[in-house]
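Q: Generate coordinates for the sequence data below:
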Amino acid sequence: MSTKEASANSSEDSPVTSSITSKLSSSFDPMYLDVINESHMHNVPKNSETHFKVVLVSEKFDGVASLVKRHRMIHSILSEELEGPVHALSIVAKSPSQWEKLAQQHNGEENILISPSPNCRGGDGSLPKRK
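A: Presented below is the predicted three-dimensional model:
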């Protein structure tokens, strides 16, 4: 499995990131997992863990053509985080064959570019302001 984490922070510094990584790793046995804390792109306090992007490649997605079903699979595993600290979750969920096609198109897995999330446009104002 190839696993990446967006920051080199310890689990004490990034408990939500660590929880997401751990749960997805144990539930999906991914061949690739990248948990990216995108909170810095939003109007939240420094070092927040509220906005994430997950790139997950797993055989569990073989035969699951519906992106909605794949997202629901991930949401069910991360239900505690989504009910609590996580405000937004962007998901890229691929089967190994889909990932391999992307790798071939980009001359290797290390060259696959996942579209960046857009910068915050203000939201609904329900989150605490950045200090």
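Q: rest of the way, CA atoms for contacts and neighbours
A: Noted.
Q: Go ahead and measure how far the lengthiest helix in the chain is from the middle of the chain.
A: The longest helix of the chain (DSSP state H) is helix 15-28. Taking the mean of its C-alpha atoms, helix 15-28 sits 10 Å from the chain's own mean (CA atoms, centre = their mean, to the nearest Å).
Q: Next SSE downstream of that helix?
A: Per DSSP states H and E, the first helix or strand lying C-terminal to helix 15-28 is strand 32-37.
Q: thinking Val55 is in contact with Asp34, fair?
A: Yes. Using CA atoms under 8 Å, Val55 is in contact with Asp34, at 5.0 Å.
Q: what's the average pLDDT for stretch 111-122?
A: Averaging the model's pLDDT scores along stretch 111-122 yields 78.
Q: repeat for stretch 52-70
A: Per-residue scores along stretch 52-70 average to 97.
Q: Name the residues of it that come out as buried.
A: 52-58, 60-61, 70 (16 or more other CA atoms under 10 Å).
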